[in-house]
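> fold the following, please.
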Amino acid sequence: MPVINRIAAMADEMRVWRRWLHRHPELSFDLPVTAAYVAERLRAFGVDEVHEGIAQSGIVALIEGRGAGPTIGLRADMDALPIAEATGADHASEHPGAMHACGHDGHTTMLLGAAKYLAETRNFSGRVALIFQPAEENGAGAEVMVREGVLDRFGIGRVFALHNAPNLPLGHFVTTPGPIMAAVDTFSITVTGRGGHGAMPHETADPVVAAAGIVQAIQTIVSRNHYALDDLVVSVTQIHTGTADNIIPETAWINGTVRTFAPDVQKMVMRRLREITQGQAAAYGVEAELDYEVGYPSTVNDEAEVAFAAEVAQDVSGAAAVNAEGGREMGAEDFAYMLEKRPGAYLFLGQGPGAPLHHPRYDFNDEAAPIGASFFARLVERAQPAG
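Next up is the predicted model:
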């Protein structure tokens, strides 16, 4: 695979970085050890500026090229997940209950590899801003960094990011113009009835039966309330109620997720959830309250930037390994907040066979790191050629 020779020579060093990060996972915005490790590497590489403490633990590092020009942004996420690791790897998590189950250790390593190469060669004009972001999994760290002004403060004109893809062939790239990842919302419904003895249901207002009716009715949102060719997911993922087999409880709690691309579809789901909650509560003689939380927006790629990024990916992996019309997914990504403010592109990079993301046996494939680092480096060199 035609990765950059200098970056290929860093493969062992990048493996060390990645496995150190994997052994020391941290969650959300609370990444003091991770951020210190990244900042130490960046300073050792000789980057021009390292700005720390953005969005609590985020970092923006700047590398100046040869001559005047714009600033291009490259982003990697650094946070882990609250999952107990089951890989059995020598470099497994040393923090019980936390692990890099989404490959953010690999994303950080790829951007560090690109940083080292770009700081050494500086074969580009303008400058590059390396964005190391906290709280992608929980907390919308990208939104916080945008709100704290990183795009304006550092004059970033366009932004790019990679995410690893298990079971996509190693070194293959997939992206798509327009929406690539869905908006993600969450909802919960609290059902309040009148509890009592399980042998005397006529004296109660049973929240369990009402909750079951609400869950069944929610299924009609996708099957009966939306156009079949519009992507939509509404999933009930939790129901909690009761304490014993002979007690009808006072309350029941329902939780779920909504994934959409179009704002009008999102609004329809919100309306129907309110109507179903109120209507079913009245039908069963209970009270029910809906709490709907709007989350990450849809991740929308710029069409021209996707075409450009796909050309760069072809330079690295060959035309046969790049799919620039790969379609969209119902997962969500807070890089969406950066793409709302600047043109750019989000791509998936195959890392070969393995456990899926967010799985306790997942592990990033170190062979993918030089490929991703080469993509980032070539992206800068082609976007802003020296001279």
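
> which parts of the stretch 251-387 of the chain are helices?
Counting by DSSP state H, counting those that start in this stretch, one finds helices in the stretch 251-387 of the chain at the ranges 263-284, 303-317, 336-341, 369-383.

> these: which one's closest to Trp20?
helix 369-383 (13.0 Å; C-beta to C-beta). C-betas here are computed from N, CA, C, even on glycine.

> including distance to Ser57 and mean pLDDT, could the helices of the stretch 251-387 of the chain go into a markdown table?
Formatted as a markdown table, the helices of the stretch 251-387 of the chain follow (distance: least, C-beta to C-beta, whole Å; pLDDT from 0 to 100):
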| stretch | distance to Ser57 | mean pLDDT |
| --- | --- | --- |
| helix 263-284 | 31 | 97 |
| helix 303-317 | 28 | 98 |
| helix 336-341 | 17 | 98 |
| helix 369-383 | 21 | 98 |
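
> just say which of these is most tucked in.
Mean neighbours per residue, mean count of other C-beta atoms under 10 Å, is largest over the helices of the stretch 251-387 of the chain for helix 369-383, with a mean of 26.

> quick revisit: nearest to Gly73, out of the helices of the stretch 251-387 of the chain?
Using C-beta to C-beta, the nearest of the helices of the stretch 251-387 of the chain to Gly73 is helix 336-341, at 7.5 Å.

> can I get the helices of the stretch 251-387 of the chain in TSV including distance to Phe187?
Shown next, in TSV, are the helices of the stretch 251-387 of the chain (distance: least, C-beta to C-beta, whole Å):
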stretch	distance to Phe187
helix 263-284	6
helix 303-317	32
helix 336-341	20
helix 369-383	35
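
> of all those helices, which one comes closest to Glu203?
With C-beta to C-beta as the yardstick, what comes closest out of the helices of the stretch 251-387 of the chain is helix 263-284 (15.0 Å).

> quick one: low-confidence parts of this protein?
1 (pLDDT under 70).

> report the central residue of it.
Glu333 (3.5 Å; C-alpha atoms, centre = their mean).

> that one against Ser298, yeah?
No. Look at Glu333 against Ser298 with C-beta atoms under 8 Å: they stay out of range, at 9.3 Å.

> joint contacts of the two?
By C-beta atoms under 8 Å, 6 or more residues apart in numbering, Glu333 and Ser298 have these common neighbours: Met181.

> quick one on the thing from earlier: and the helices of the stretch 251-387 of the chain: which comes nearest Val3?
helix 369-383 (4.1 Å).

> so that closest one versus helix 303-317, what angle?
Here helix 369-383 points in a direction 130 degrees away from that of helix 303-317 (axes from the mean of the first three to the mean of the last three C-alpha atoms, to 10 degrees).

> got the phi/psi numbers for Gly58?
Dihedral angles of Gly58 (phi, psi; degrees, to the nearest 10) stand at phi -80, psi 160.

> if it is in a bridge, with which residues?
Per DSSP bridges, the residues bridged to Gly58 are Ile54.

> could you do Gly344 as well?
Residues in beta-bridge contact with Gly344 (DSSP bridges): Val159.

> check contacts around it.
Neighbouring residues of Gly344 by C-beta under 8 Å, 6+ apart: Gly73, Arg158, Val159, Phe160, Ala161, Asn301, Asp302, Glu305, Met338.

> residue contacts, the residue nearest to Leu170 when sequence neighbours are not counted?
Leaving aside its chain neighbours, Leu170 sits nearest to Gly352 (3.9 Å; criterion: C-beta to C-beta, 6 or more residues apart in numbering). For Gly352, the contact set (C-beta under 8 Å, 6+ apart) comprises Pro166, Asn167, Leu168, Pro169, Leu170, Asn365, Glu367, Ala368.

> distance of Gly352 relative to Gly387?
Taking C-beta to C-beta, to the nearest Å as the criterion, Gly352 is separated from Gly387 by 38 Å.

> one more: Ser298?
Ser298 is 39 Å from Gly387, by C-beta to C-beta.

> what subset of the contacts of Gly344 is buried?
Gly73, Arg158, Val159, Phe160, Ala161, Asn301, Asp302, Glu305, Met338 (16 or more other C-beta atoms under 10 Å).

> now do the closest residue to Ala304 other than its chain neighbours: how many residues are near it, please.
With sequence-adjacent residues excluded and distances taken as C-beta to C-beta, 6+ apart, Ala304 is closest to Pro343, at 7.1 Å. Neighbourhood size, Pro343 [other C-beta atoms under 10 Å]: 17.
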